[in-house]
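>>> after the sequence you'll find the predicted model.
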Amino acid sequence: MNWFSIVVFILWIYLLTVLKRGKLDFWYFIAGSVGLFIFSVIWIEPVAVGPIQKAVAAAAGIPGRLTGIYESYFQKGIIFISTGGMSLSLYIDFECSGIIETLAFFALLWFFPVYRLYEKVVVSIAGGLLIFASNVLRIFVICLVVYFFGGDMYFLAHTIIGRLVFYACTITLYFYVFTKSQIIRQKVGGLRYEIHK
């Protein structure tokens, strides 16, 4: 954390107060979400990425052990796949950790005007866990493809198939957290579309 980032952070907070007082909700959401994401990447990502890499490797190792398809060495963030007389190591790096997607989700959620504070806390926890589980599923699918179709399929499995699985899960999460909740709670004139129990 350097002085420049602290000064920019203070200016960002001031900008948010101006936008809030001016009731410029759209610009408040955009400036808040983008700013929170950038500051999270600068300050939180360097600290959180290491533990998340190990946690993803450890969680992905559970189905690997149960199926016998691969082994996880979570202390080093490595997954070892042995298939058809050849071996392949998959390193859970910055990209595979899912930290960027998680921070983006949190940044959008905390400035999304639909939820109350306690709802944002609950949805943050649930959403973070679902993104984590989606990432573990992605790694498991990559390992499955490599195990059954060989090491030559690694690039296709990692670059396309795994990402399709991960982003399908993430888009579903975004639909339920942002789109559906916005539609259910939107105000039209004096009417409010909200589910009452």
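Sure, I can see it. Numbers count the residues shown, from 1 in each chain.
>>> what ranges does this protein have for its helices?
Applying DSSP state H to the chain gives helices spanning 3-21, 25-43, 45-67, 94-97, 99-110, 117-149, 154-156, 162-174, 181-185.
>>> contacting residues for Phe140?
If you count contacts by C-beta atoms under 8 Å, 6 or more residues apart in numbering, Phe140 has them with 60, 63-64. Yep, even glycine has a C-beta here, placed from its N, CA and C like the rest.
>>> which of those has the most neighbours?
Highest neighbour count within the contacts of Phe140: Ala60, with 25 neighbours (other C-beta atoms under 10 Å).
>>> and the gap between the residue nearest to that one when sequence neighbours are not counted and Ala59?
Using C-beta to C-beta, 6 or more residues apart in numbering and skipping the chain neighbours, the partner closest in space to Ala60 is Ile139 (4.3 Å). Distance of Ile139 to Ala59, given as C-beta to C-beta, to the nearest Å: 9 Å.
>>> so which of those two has more stuff around it?
Higher neighbour count among Ile139 and Ala59: Ile139, with 27 against 18, using other C-beta under 10 Å.
>>> the more buried one touches Ile92, doesn't it?
Yes: proximity of Ile139 to Ile92 meets the contact threshold set by C-beta atoms under 8 Å, at 7.3 Å.
>>> common neighbours of those two, please.
With C-beta under 8 Å, 6+ apart as the test, Ile139 and Ile92 both reach 56, 60, 79.
>>> ok, now which ones touch Val141?
Per C-beta under 8 Å, 6+ apart, neighbours of Val141: 157, 161-162, 165.
>>> how about these, which pair is most distant?
Ala157 and Val165 (10.0 Å; C-beta to C-beta).
>>> next one: the spatially most central residue of the chain from Ile52, what distance?
Most central in the chain under C-alpha atoms, centre = their mean is Thr102, positioned 2.6 Å from the mean C-alpha point. According to C-beta to C-beta, Thr102 and Ile52 sit 8 Å apart.
>>> for the two, list the residues in contact with both.
With C-beta under 8 Å, 6+ apart as the test, Thr102 and Ile52 both reach Phe132.
>>> out of the shared contacts of Ile139 and Ile92, which is nearest to Arg116?
Nearest to Arg116 among the shared contacts of Ile139 and Ile92, with distances taken as C-beta to C-beta, is Val56, at 30.8 Å.
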